[in-house]
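Next input, structure requested:
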Amino acid sequence: MEITAVSATNVSTESWGEFVEFPLVTVMSEYEEYNNAEGDNPQARRKWMGPVGDVVVEVETDAGITGVGHGNWATGAIATIVDETLSKLIVGEDPHERETLWDVMYRATIPFGRKGAAVEAISAVDLALWDIAGKAANKPVYELLGGPVREEIPCYASNLHPVDHETLEQEAIDYVEQGFDAMKMRFQYGPSAGRSGMKKNEEIVATVRDAVGHDIKLAADAYMGWNVRYAKKMLDRLEKYDLEWVEEPVIPDDIEGYADVRASTDIPISGGEHEFTRWGHKELLERGAVDILQPDVHRCGGLTELRRIDAMASAHDVPVIPHSGTNPHLHFIAASTNAPMAEYFPIPEWYKEQREGKDSTYADAIYQHPPSAEDGVIGLPEGEGLSAELNREALDHFAVE
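Got it, this is the predicted structure:
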């Protein structure tokens, strides 16, 4: 089999819907223009996220099989790298030779890559190659990864933006009633909000914990919006709420800070969503920076690299809970003994009411069969390959130049 063509389509962040407008602390919250902690600046995140959210890559072969993958969150740079560099390296090659092709793509992009957009582009191509392999074998990719280690995939409800306490409380209760025994919420404030922000952060955690009780696993996400000093003080206030983890308390390059924060608290610390390749995650593991590793297959280097990361994490007795619950992640989790659960983005009832009559999707809409949870679990992905059948109508609608 031979690769005959490669194409890339930029997908607007509009496909993610209005969740990008909800209040939460972010890595940009220190700047008033990009801060939406109070919910009064809904365009704050759109200003720095850029118009392109995902880039869909399609790899065609002379066998009539087309593989699909996507890279995440590097504006149009992913498509440029795919078009101008990666396509020239893989057209004419055998798509089954994934190890060699990954290494060639990585080495060729070192002068401008190693992290960020270049690795996200490699991720998209690598996923398309795995999709081809599954389709060629008439098997789901998790079968190629060693076969399923479970019959269904536990997941946690990942939402709970701090819109207001009453809404937050009801949303958390709704998730329990839907069968979720784990969920993740978002913090609202960072260092610029001072002690009053700390108090409000604690109040929203208390609201959710009181709503769901102590039998429910509760995690919380700081989205790189804190610094080491603030994180230590905040985590000290939160010890009594029995959190499952606190996610990305500091910026990803402050690995020493991660380790310092982790050593200061009994609350597990997670990270890795914004890290790249086995080398980046190796540092997190060897320097004792995290209790839970959260790579994203659409960013870290694709399935080929995620498998390596998982093997390293397992050797360090650190579980892998990937960022986002896309179908490629589900194939990985289905076949890994070190990945206990998936992230899942349910649509809150209050949001369903809010978006009536609007052209809004809330979550990525470019695939035909997005994952669906029931009673807190997701069934094994169905179909051949990565279960990555595109929704062409949605892709055309959200495509941007």
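
where does the stretch 251-400 of the chain dip in pLDDT?
Residue ranges of the stretch 251-400 of the chain with pLDDT under 70: 355-364.

domains in the protein, as residue ranges please.
According to automatic domain parsing, the chain comprises the domains 3-138+392-400, 144-379.

can I get the ones you listed in TSV with distance to Leu386?
Where you see a C-beta, it was placed from the backbone N, CA and C, and this is true even at glycine. Listed next are the domains of the chain as TSV, based on distance: least, CB to CB, whole Å:
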stretch	distance to Leu386
domain 3-138+392-400	4
domain 144-379	5
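
In TSV, list those along with mean neighbour count.
Formatted as TSV, those follow (neighbours: other CB atoms under 10 Å):
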stretch	mean neighbour count
domain 3-138+392-400	19
domain 144-379	20
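
To Gly385, which of the ones you listed lies closest?
Evaluated over those, closeness to Gly385 peaks at domain 3-138+392-400, with 3.6 Å, by CB to CB.

Could you pull out the helices in the stretch 1-150 of the chain for me?
Counting by DSSP state H, counting those that start in this stretch, one finds helices in the stretch 1-150 of the chain at the ranges 44-49, 77-81, 87-90, 98-109, 117-137, 141-144.

where do the helices sit along the stretch 301-401 of the chain?
302-315, 327-334, 349-354, 392-398.

Identify whichever of the ones you listed lies nearest to Asn201.
Asn201 lies closest, by CB to CB, to one member of the helices of the stretch 301-401 of the chain: helix 349-354, at 21.1 Å.

quick one: Leu24 and Asn159 touch, right?
No. Shown here, Leu24 and Asn159 do not form a contact pair, counting by CB atoms under 8 Å, at 10.6 Å.

Mind jotting down where the helices sit in the stretch 151-300 of the chain?
In the stretch 151-300 of the chain, the helices defined using DSSP H, counting those that start in this stretch lie at 165-177, 194-212, 228-238, 255-263, 277-286.

TSV please, covering those and showing distance to Lys88.
Shown next, in TSV, are the helices of the stretch 151-300 of the chain (distance: least, CB to CB, whole Å):
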stretch	distance to Lys88
helix 165-177	47
helix 194-212	49
helix 228-238	43
helix 255-263	35
helix 277-286	22
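
Can you check which of those gets nearest to Thr61?
From those, taking CB to CB, the stretch that ends up closest is helix 277-286, at 26.3 Å.

if I pick Val400, what's in contact with it?
Counting by CB atoms under 8 Å, 6 or more residues apart in numbering, Val400 touches Asn10, Val11, Ser12, Pro51, Val52.

again, only this time at 7 Å
Val400 sits next to Asn10, Ser12, Pro51, Val52 when contact means CB atoms under 7 Å, 6 or more residues apart in numbering.
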